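Enquirer: next input, structure requested:
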Amino acid sequence: VLSAHCLVGVAVVPGRSLRIREAACGVLAGAVSHLAIRAIGVARTGFRIRPALRVRTAEFGEFSRLMLPRMLSYPIDPVVFFFITLLATQQGPGNATALSFVLDYQFVPVQVIAITFSLAAFPTLSTAYAEDDGPRFRAVLVRNVVSIGGLTAASAIALAIAAGPIIRVFLGGGRFDAAAVPLTSSLLVAVAISTPIDGLSYPLSRALHATHNTLLQARARVLDL
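Expert: I've put the predicted structure just below:
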């Protein structure tokens, strides 16, 4: 996010055109700022990083057990996206580009609502599981699922209704001609339907992680593929 803000800041400087070097500097400045904020936060906790190689510990074993299924499931999304893009390119010129734009817009409510809410609830879910507090765990999970489901459903309806104006205002013009607007708008309406489903996968995924179960999620992603 900071990289994007710095890039936008460089782009809107009056009297200047954005060049490749300036864009790269903006992204680099955002990345350094992001790292600096995290480093300052860690320094204030009193935690000190000390190099050590201790693999024969219970903590490292638990980390490896949880990491491996999660790591093996990561390539699934790029594979799915590759085949969707391949299918779009076979339907005619401009379809792959329209699909790329549409997926960016569809992911906005997922990012703002589902991912944010799920990350905020994760520490509470982890604490409740560690303390064997089943009622609290279920209450937090249900509240999170209902909130995300309702808000992402409303966002999907809003995207579907405003698809035409959104595409026309933000993308229309230049080489994005009048024929591209209805094509991209119709794709956005179709893809918007998946917003609540995509959004609900995040609180359920965080709930599984809180219970130290990453294998079940990996199996679900493989079956989804």
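
Enquirer: which elements pack onto the longest helix anywhere in the chain?
Expert: Longest helix in the chain, counting residues (DSSP state H): helix 134-161. Under the contact criterion of 3 or more Cβ pairs under 8 Å, 6 or more residues apart in numbering; DSSP states H and E, helix 134-161 touches helix 95-109, helix 116-130, helix 180-192, helix 195-210. Where you see a C-beta, it was placed from the backbone N, CA and C, and this is true even at glycine.

Enquirer: centre-most residue in this protein?
Expert: Gln111 (5.0 Å; Cα atoms, centre = their mean).

Enquirer: which residues does that one contact?
Expert: For Gln111, no residue meets the contact criterion (Cβ atoms under 8 Å, 6 or more residues apart in numbering).

Enquirer: most packed of the helices and strands packed on helix 134-161?
Expert: Mean neighbour count (mean count of other Cβ atoms under 10 Å) peaks for helix 195-210 among those, with a mean of 21.

Enquirer: who are the packing partners of it?
Expert: helix 95-109, helix 116-130, helix 134-161, helix 215-224.

Enquirer: take these and lay them out in JSON lines including mean pLDDT.
Expert: Conversion of those to JSON lines gives the following (pLDDT from 0 to 100):
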{"stretch": "helix 95-109", "mean pLDDT": "86"}
{"stretch": "helix 116-130", "mean pLDDT": "93"}
{"stretch": "helix 134-161", "mean pLDDT": "94"}
{"stretch": "helix 215-224", "mean pLDDT": "72"}
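
Enquirer: and those: which comes nearest Ala192?
Expert: With respect to Ala192, and counting by Cβ to Cβ, the nearest of those is helix 134-161 at 4.0 Å.
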